[in-house]
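Trainee: Sharing a sequence plus its predicted fold:
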Amino acid sequence: TILSAIKSTVDPSTRVVFSVNPDSTVVENGKYDYAIVVVGEPPYAETFGDSLNLTIPAPGPSVIQTVCKKINCVVVLISGRPLVVEPYIGAMDALVAAWLPGTEGQGVADVLFGNYGFSGKLARTWFKSVDQLPMNVGDKHYDPLFPFGFGLTTKAKK
Ligand SMILES: *[C@@H]1O[C@H](CO)[C@@H](O)[C@H](O)[C@H]1NC(C)=O
């Protein structure tokens, strides 16, 4: 999991605190340096995944807002497609679209902690709101949150 990978990546003196759905008391009393907020979709296949709203399932959005309001945060989004993030983007310090990493939680931790560089580029346009869809490069109404091909390439920390 991403959690077990984080635990095996941090310095032994670093305290990792895990909470499934932290309320504001947990957040305010913790004296945390950073928060890694992992939210996303449950597994689905074919029509079981159909969604007309493409929202992050609850409690994802409220966790982002509760935690990122108080703590420097990176949000890791686990999803098989772009989801609505535009309303929360201002609250986040960083957003990682991890897609569906399967068993490779360590791959997520490796880049979060800078042991390896990021080299992701969007293979899809990331919309702002579902009423823009469908929206593809070249469309007159093309006004994405993140355009096709957007992404970071960073180097590993020394
Ligand atoms: C979005 O759609 C999904 C799937 O149809 C549904 O389960 C969910 O409740 C909807 N969410 C909102 C916020 O409307």
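Mentor: That came through fine. Residues are numbered from 1 along each chain as shown.
Trainee: Which residues outside the worst-scoring helix or strand of the chain on mean pLDDT are in contact with it?
Mentor: Taking all helices and strands of the chain together, the one with the lowest average confidence (mean pLDDT, DSSP states H and E) is helix 24-29, at a mean of 90. Among residues not part of helix 24-29, those counted as contacts by Cβ atoms under 8 Å, 6 or more residues apart in numbering are Ser19, Ala35, Thr66, Val67, Lys69, Lys70, Ile71. Where you see a C-beta, it was placed from the backbone N, CA and C, and this is true even at glycine.
Trainee: Name all residues that make contact with the second one.
Mentor: When you say that, I think you mean Ala35. Taking Cβ under 8 Å, 6+ apart as the criterion, Ala35 is in contact with Val27, Val67, Cys68, Ile71, Asn72, Cys73, Val74.
Trainee: of those residues, buried ones?
Mentor: Val27, Val67, Cys68, Ile71, Cys73, Val74 (16 or more other Cβ atoms under 10 Å).
Trainee: Looking at this protein, which residue is nearest the ligand?
Mentor: As assessed by Cβ to the nearest ligand atom, the ligand sits closest to Asn53 within the chain, at 3.7 Å.
Trainee: just the strands in this structure please.
Mentor: In the chain, the strands defined using DSSP state E lie at 35-40, 73-78, 94-99, 119-121, 151-153.
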